[in-house]
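# Prediction below, plus the sequence it came from.
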Amino acid sequence: MGLFGGRKHGSLFTFNKDDGYLEAILRGFKKGILSRADYNNLCQCDNLEDMKMHFISTDYGDFLAGEPSPIHTTTIAEKATGKLVNEFNHIRNQAVEPLSTFMDFISYGYMIDNVVLLITGTLHERDISELVDKCHPLGLFKSMATLSVVHNVADLYNNVLIDTPLAPYIQGCLSEEDLDEMNIEIIRNTLYKAYLEDFYNYCKYLGGQTELIMSDILKFEADRRSINITINSFGATELSKDDREKLYPSLGLLYPEGTSKLGKAEDVDQVRGILEVYSTYRNFFSDGVNNEKSLEDSFFEHEVHLNRMAFEDQYGYGVFYAYIKLREQEIRNIVWIAECISQNMKQKMNQYIPIF
């Protein structure tokens, strides 16, 4: 996309004119995020029916009312996600420019995952309606209504994908032939690189507190993807070192020196050595490779920290992004606890990531 026009958000004295009401609503939503006491109570539950009863005393209320017994963890995840989507849409439907565009940018990340799911399903000749049901509701787009005419990847590219908000990324990075021949994770990372760079530039265009908060968050997201791409590529014969480096976003604490070194890394030990000079990543990378805590958990913990800190600021849009990500982590926590209860693995129940 790249070229931005239109109005920027207000400053200290004018922000509340257009966006103060929605920020107040969002901060009200934030008060409903589960506390440590809520997590302690959930960890005391003996079964999922007990969890259902406890949720009634939280912001989730009776969101599981009417669900037949026995309740499954997939149902809990689906209903909790539905609550998050309703809150997102409540804000998005009342937003004016430039907040409305910022909220759209948040949804583009989910659209990328949905597009990759549709491409994968089409390549494997899966039923289209089944694929739509598995799409993330925050990443739905209008051209999904035309999926019934899709019979192959060419139809998907020409009739659906070029009519999505992701079209500039798709047309700029991928051809119709790429969808048929390229590894699906390379497609995902190619689109995500273009999306992250565009989102970062938009936040810089908005300036002010939005740029200040979102720069840190998006730089971390870029670094996380660069590290994961590197580690996941070890042993992958279809991805050369040059191709790997092309997937790294052109932003982040690691960019450009660190990403250049990651592009030449041969194994996890070399990645660890590269990150030793970056204090932000040094400790949790060590913690998250060999110990019980995974590298992914270390990433999630740092992401929660950055998003939590966004609420210490005002007069910017960072809180809108941060709230969605914190709620997502909360849903992961709830599902983790529910799975531990279902599988009678209560000794691992406390390995969730607290938020506030």
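That came in fine, so what should we check first?
# Helix, strand or coil: sort out E266 for me.
coil (DSSP: H, G, I helix; E, B strand; the rest coil).
# what's the nearest residue to it if we skip its chain neighbours?
F234 (7.7 Å; CB to CB, 6 or more residues apart in numbering). Where you see a C-beta, it was placed from the backbone N, CA and C, and this is true even at glycine.
# So the one you found versus Q314, what's the distance?
44 Å (CB to CB, to the nearest Å).
# before we move on, back to that, tell me both backbone torsions, phi and psi, for the residue nearest to E266.
Dihedral angles of F234 (phi, psi; degrees, to the nearest 10) stand at phi -60, psi 120.
# lowest average confidence, helix or strand, in the chain?
helix 279-290 (a mean of 70; mean pLDDT, DSSP states H and E).
# and the next helix or strand after it, what other elements does it pack with?
The helix or strand immediately downstream of helix 279-290 is helix 295-310, counting by DSSP states H and E. With contacts taken as 3 or more CB pairs under 8 Å, 6 or more residues apart in numbering; DSSP states H and E, helix 295-310 sits against helix 208-233, helix 279-290, helix 318-342.
# Let me see the contact set for the closest residue to Y110 other than its chain neighbours.
Closest residue to Y110 apart from its sequence neighbours, by CB to CB, 6+ apart: G139 at 2.9 Å. Contacts here follow CB atoms under 8 Å, 6 or more residues apart in numbering; on that basis G139 touches S107, Y108, G109, Y110, M111, I112, D113, N114.
# Just the pLDDT at E78, thanks.
Looking at E78, its pLDDT is 96.
# swap in N189?
At N189, pLDDT is 96.
# With Y248 instead?
At Y248, pLDDT is 98.
# let's number from 56 now, not from 1
In the new numbering, first residue 56, that becomes Y303.
# wait, it sits on I284?
Yes. Between Y303 and I284 there is a contact at 6.7 Å, judged by CB atoms under 8 Å.
# Filter the contacts of G194 down to the ones in strands?
Assignment to strands by DSSP state E places none of the contacts of G194 there.
# mind putting these in a markdown table, distance to M237, neighbour count and pLDDT included?
Converted to a markdown table, these look like this (distance: CB to CB, whole Å; neighbours: other CB atoms under 10 Å; pLDDT from 0 to 100):
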| residue | distance to M237 | neighbour count | pLDDT |
| --- | --- | --- | --- |
| S162 | 24 | 20 | 98 |
| Y163 | 20 | 23 | 97 |
| G164 | 20 | 18 | 97 |
| Y165 | 21 | 19 | 97 |
| M166 | 19 | 22 | 96 |
| I167 | 15 | 23 | 96 |
| D168 | 17 | 16 | 96 |
| N169 | 18 | 23 | 94 |
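# Identify, from the residues you listed, the entry nearest to S349.
Taking CB to CB as the measure, D168 is the one of the contacts of G194 closest to S349, at 20.5 Å.
# any idea how far G328 is from the closest one?
32 Å.
# cool, N256 as well?
N256 is 32 Å from G328, by CB to CB.
# again with T69
49 Å.
# got it, and D352?
22 Å.
# Tell me which of the two has more neighbours.
D352 (17 against 12; other CB atoms under 10 Å).
# is it true that the more buried one touches W391?
No. The criterion here is CB under 8 Å, and D352 misses it with W391 at 10.4 Å.
# tell me how far the ends of stretch 252-270 are from each other?
End-to-end distance of stretch 252-270 (CA to CA, to the nearest Å): 11 Å.
# hmm, who's touching that stretch?
By CB under 8 Å, 6+ apart, the list of residues contacting stretch 252-270 reads 56-57, 59, 63-64, 66, 153, 156-157, 160, 163, 223-224, 273-274, 277, 304-306, 364-365, 368-374, 376-377.
# any idea how far A132 is from N287?
Remark: distance between N287 and A132 (CB to CB) = 24 Å.
# which one of these two has more residues nearby?
Set N287 next to A132 and count neighbours by other CB under 10 Å: A132 wins out with 16 against 13.
# so who does the residue nearest to G307 when sequence neighbours are not counted touch?
Using CB to CB, 6+ apart and skipping residues adjacent in sequence, the residue nearest G307 is A277, 3.7 Å away. If you count contacts by CB under 8 Å, 6+ apart, A277 has them with L251, Y255, Y303, P304, L306, G307, L309, Y310.
# redo that, cut-off 6 Å
L251, P304, L306, G307 (CB atoms under 6 Å, 6 or more residues apart in numbering).
# Compare the residues you listed and tell me which has the most neighbours.
P304 leads the contacts of A277 on contacts (other CB under 10 Å) with 25 neighbours.
# Touching, I183 and L202? I think so.
Yes. Here I183 reaches L202: they are 4.8 Å apart, a contact under CB atoms under 6 Å.
# Find me the pLDDT at I282, would you?
For I282, pLDDT reads 96.
# Repeat that for A209.
87.
# Please report the number of neighbouring residues for it.
Using other CB under 10 Å: A209 sits among 14 other residues.
# how near is it to E231?
6 Å.
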